[in-house]
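>>> Sequence and predicted structure, then a few things I'm wondering about:
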Amino acid sequence: MKILFDTNVILDMMLLREPFYQLSSFLLAEAEKKAIEGFICSTTVTTIYYLVSKVKGSRQARRQIENLFHIFQIAQVDQAVLEKALHSRIKDYEDAVIHEAALQHGVEGIVTRDPKDFRYAKILVYDPEELLKILLSL
C-alpha cells in the first residue's frame, strides 16, 4: 500500500502535538517497518525543516529530516505537478501540489488530518484513524 503522508501528520509526530502525536507516531512506525510504502512530498521536507527549526533549532530539524529520508520516498515536485495543481479543483494550492505529486508517483492514498481539504482528490484520502483501522485489519 503506497501512502503519501501530508505535512500535518509528520509535524504532529515531530512537534509532539497532542492529541495527534501517538497516532501519527504509530503510522510513521508502520512506514519505517515497511508495512506501508510511505511517501512525502518534496515540499513537505522544506516546510518541515522551516517549522521544526523554529521550535527545536536547526540542528534538530536536520536530524529529523535525515530520519525522514530513511523512512520515506520523496514524491518530487516538478513544473508539471505545479501547473496541474494550479488548475486543480483542490482549492488550497499546497494541498493541490501534494495531491498532484502523489498522482505522479502512483500513490494509492493520502493520509491527512484534513481530509475535507482533499474532497476533490482522484485517489483515496484517509484521516490517521481510518488508516490505522485499515492497517490493523490487514
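Yep, it's here. Source: prediction; values computed, not measured. Numbers count the residues shown, from 1 in each chain.
>>> what are the ranges of the helices in this structure?
With DSSP state H as the criterion, the chain has helices at 7-14, 21-32, 42-56, 58-71, 79-86, 93-104, 128-137.
>>> Make CSV out of those helices and add mean pLDDT.
Converted to CSV, the helices of the chain look like this (pLDDT from 0 to 100):
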stretch, mean pLDDT
helix 7-14, 93
helix 21-32, 94
helix 42-56, 94
helix 58-71, 95
helix 79-86, 97
helix 93-104, 97
helix 128-137, 93
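>>> nearest to Arg113, of those helices?
Evaluated over those, closeness to Arg113 peaks at helix 7-14, with 4.9 Å, by CB to CB. Using the backbone N, CA and C atoms, a C-beta is placed for each residue, glycine as well.
>>> same for that closest one, what does it pack against?
On a contact count with 3 or more CB pairs under 8 Å, 6 or more residues apart in numbering; DSSP states H and E, helix 7-14 meets helix 21-32, strand 37-41, helix 42-56.
>>> picking that back up, specify the stretch among the helices of the chain that is closest to Phe118.
Using CB to CB, the helices of the chain put helix 93-104 closest to Phe118, at 6.2 Å.
>>> Next, the buried residues of the closest one.
Neighbour-count burial for helix 93-104, counted by 16 or more other CB atoms under 10 Å, picks out 94-103.
>>> quick one: which of those is nearest Thr44?
Of all the buried residues of helix 93-104, Ile98 has the smallest distance to Thr44: 7.2 Å, by CB to CB.
>>> Tell me, how many residues neighbour Glu18?
8 (other CB atoms under 10 Å).
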